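1. missing the sequence, but the structure's below:
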């Protein structure tokens, strides 16, 4: 297991990385190539396999993120807390092509730290991070905008996820699910059935 | 727009069908072929495109559902309320191969009505339904257990979804998100950012 980049990042066992996405939270997709970085929002992402962990994500062909991911073969999924909802909406509705790369970070005040396995940066203040490499599937990418990623490293803020489970400490530190038009659902109460 | 099969089913405009899945709820996948029907739980499903609407879903190759979907080229996604959590867990942990097809319905007390565009039945008591035909992508199916479906018809119980939005009337009539080991998150409160 690699060393966590800071104390608030703790490694998540790769075979359990699917748990970060299993409930369907909205994500931020970060990417970098040739000195340009970008971030966009993505609700259309889910686990694809357990071990080695894979995920799928839809990346529209009109986006700067698409270009950066295709050029670098890498990206990161960042899982934001409810407290970041306005920033998620902002990066989901503006294009990095218009803003000019790094400007989406400046625009929203999002800050980053370097990824540990990929060039894509990891967004500070998120609750969990999945560093991914693209498993090239040209047909899916070209026909469906669908990308398959292998998760190379996974991290979580232990205040929200530890011992392979989410345990949100407060309302602002919960994941959220995108609806449409600026509306989200907070992740609600946990319950179990026998 | 086709006629709704009963008053508690109302049609959802196809271009808005993605809204039924956008927040990442757990689903039940129903299927039928040659007189055999089955149902399984699937958390790994998401929208893939708006119009015509497409979805993706992971269907393990060990399942009876996989056989029925491959033989029929059709399936339905049913979105259950929290009140059905125990049944979702039951059909997610038992195999139709062991139970012998229809027995999973008998076992759990789930009842169905016919689909309108597909042979797969629609599960009574769910909040929404997406009738899908498989868009054959043999490589994805064989390598990743990943199926792409085109949504041919979508329905919702207007008590939970109408005018293109979810508005859950009470705690038992909310969607839910699967975690692991019999645990779920309820879909929580809705909020908007400007």
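-> Great, that's in hand. This one's a predicted model, so the numbers in the text were calculated from it and none came from an experiment.

2. quick check: beta-bridge partners of the residue most central in space within chain A?
-> With distances taken as C-alpha atoms, centre = their mean, residue A:77 lies nearest the centre of chain A, 1.9 Å away. Beta bridges link residue A:77 to residue A:29, residue A:130 when assigned by DSSP bridges.

3. residue contacts, it?
-> Residues in contact with residue A:77 (C-beta atoms under 8 Å, 6 or more residues apart in numbering or on different chains) are A:21, A:27, A:28, A:29, A:42, A:45, A:55, A:57, A:129, A:130, A:132, A:149. Where you see a C-beta, it was placed from the backbone N, CA and C, and this is true even at glycine.

4. distance check, it against residue A:60.
-> Using C-beta to C-beta, to the nearest Å, residue A:77 is found at 16 Å from residue A:60.

5. picking that back up, closest to chain B out of the contacts of residue A:77?
-> For the contacts of residue A:77, the closest approach to chain B (C-beta to the nearest C-beta) belongs to residue A:45, at 7.0 Å.

6. in chain A, which spans are strands?
-> Assigned by DSSP state E, the strands in chain A fall at A:10-11, A:27-33, A:36-42, A:45-49, A:54-58, A:74-79, A:112-113, A:122-123, A:128-134, A:146-156, A:161-162, A:165-166, A:176-180, A:183-192.

7. what's in contact with the helix or strand bottoming out on mean pLDDT in chain A?
-> Lowest mean confidence among the helices and strands of chain A (mean pLDDT, DSSP states H and E): helix A:96-99, at a mean of 72. The contact list for helix A:96-99 (C-beta under 8 Å, 6+ apart) reads A:38, A:39, A:40, A:62, A:63, A:64, A:65, A:103, A:104, A:107.

8. pick out the residue of chain A closest to chain B.
-> Taking C-beta to the nearest C-beta, chain A has residue A:24 as its residue nearest chain B, at 1.5 Å.

9. now that residue. Its backbone dihedrals?
-> Per-residue torsions, residue A:24: phi 80, psi 30 (degrees, to the nearest 10).

10. excluding its backbone neighbours, what's nearest it?
-> residue B:24 (1.5 Å; C-beta to C-beta, 6 or more residues apart in numbering or on different chains).

11. would you mind confirming that that neighbour makes contact with residue A:44?
-> No: in this structure, residue B:24 is not within contact of residue A:44 by C-beta atoms under 8 Å, at 9.5 Å.

12. shared neighbours of those two, anything?
-> Common neighbours of residue B:24 and residue A:44, counting by C-beta under 8 Å, 6+ apart, are residue B:46.

13. for residue A:159, give me its contacts.
-> Contacts for residue A:159 (C-beta under 8 Å, 6+ apart) come out as A:8, A:169, A:173.

14. point out the least confident member of these, please.
-> Least confident of the contacts of residue A:159 in the model: residue A:8, at 83.

15. which intervals of chain A have sub-threshold pLDDT?
-> A:1-7, A:99-102 (pLDDT under 70).

16. circling back to that earlier point, just the closest of the contacts of helix A:96-99 to residue A:179, please.
-> Minimum distance to residue A:179 across these is 17.5 Å, recorded for residue A:40 (C-beta to C-beta).

17. and the residue nearest to the closest one when sequence neighbours are not counted, how many neighbours?
-> Nearest residue to residue A:40 in three dimensions, chain neighbours excluded: residue A:65, at 4.6 Å (C-beta to C-beta, 6+ apart). Residues near residue A:65, counting by other C-beta atoms under 10 Å in any protein chain shown, number 27.

18. neighbour count: residue B:24 and residue A:44, which is higher?
-> The neighbour count for residue B:24 versus residue A:44, taken as other C-beta under 10 Å, is higher for residue B:24 (31 against 25).

19. which residues touch that one?
-> A:23, A:24, A:25, A:43, A:46, A:177, B:46, B:177.

20. the fourth one reaches residue A:175, doesn't it?
-> It refers to residue A:43. No: counting by C-beta under 8 Å, residue A:43 does not reach residue A:175; the two are 11.8 Å apart.

21. pull up the overlap in contacts between these two.
-> With C-beta under 8 Å, 6+ apart as the test, residue A:43 and residue A:175 both reach residue A:26.

22. quick one: which of the two has more around it?
-> It is residue A:175, of residue A:43 and residue A:175, that has more neighbours when counted by other C-beta under 10 Å, with 30 against 26.

23. excluding chain neighbours, what is closest to residue A:132?
-> Using C-beta to C-beta, 6+ apart, the closest residue to residue A:132 is residue A:149 (3.3 Å).

24. OK, contacts around that neighbour?
-> A:54, A:55, A:56, A:57, A:75, A:77, A:130, A:132, A:133, A:134, A:135.

25. identify the bridge partners of it.
-> residue A:55, residue A:134.

26. residue farthest from the centroid of chain A?
-> Chain A, farthest from centre, C-alpha atoms, centre = their mean: residue A:194 at 31.6 Å.

27. surely that residue and residue B:93 touch.
-> No: shown here, residue A:194 and residue B:93 do not form a contact pair, counting by C-beta under 8 Å, at 11.3 Å.

28. returning to what we had before: any idea which of the strands of chain A is most buried?
-> strand A:74-79 (a mean of 28; mean count of other C-beta atoms under 10 Å in any protein chain shown).

29. so how far is that strand off the chain centroid?
-> Relative to the mean C-alpha coordinate of its chain, strand A:74-79 is positioned 4 Å out (C-alpha atoms, centre = their mean, to the nearest Å).

30. so it versus strand A:54-58, what angle?
-> Angle between the axes of strand A:74-79 and strand A:54-58 is 90 degrees (criterion: axes from the mean of the first three to the mean of the last three C-alpha atoms, to 10 degrees).

31. so what's the residue nearest to residue A:118 when sequence neighbours are not counted up against?
-> Leaving aside its sequence neighbours, residue A:118 sits nearest to residue A:74 (C-beta to C-beta, 6+ apart; 3.9 Å). Neighbour list for residue A:74: A:31, A:32, A:115, A:118, A:119, A:120, A:131, A:132, A:133, A:134 [criterion: C-beta under 8 Å, 6+ apart].

32. much appreciated, bye for now.
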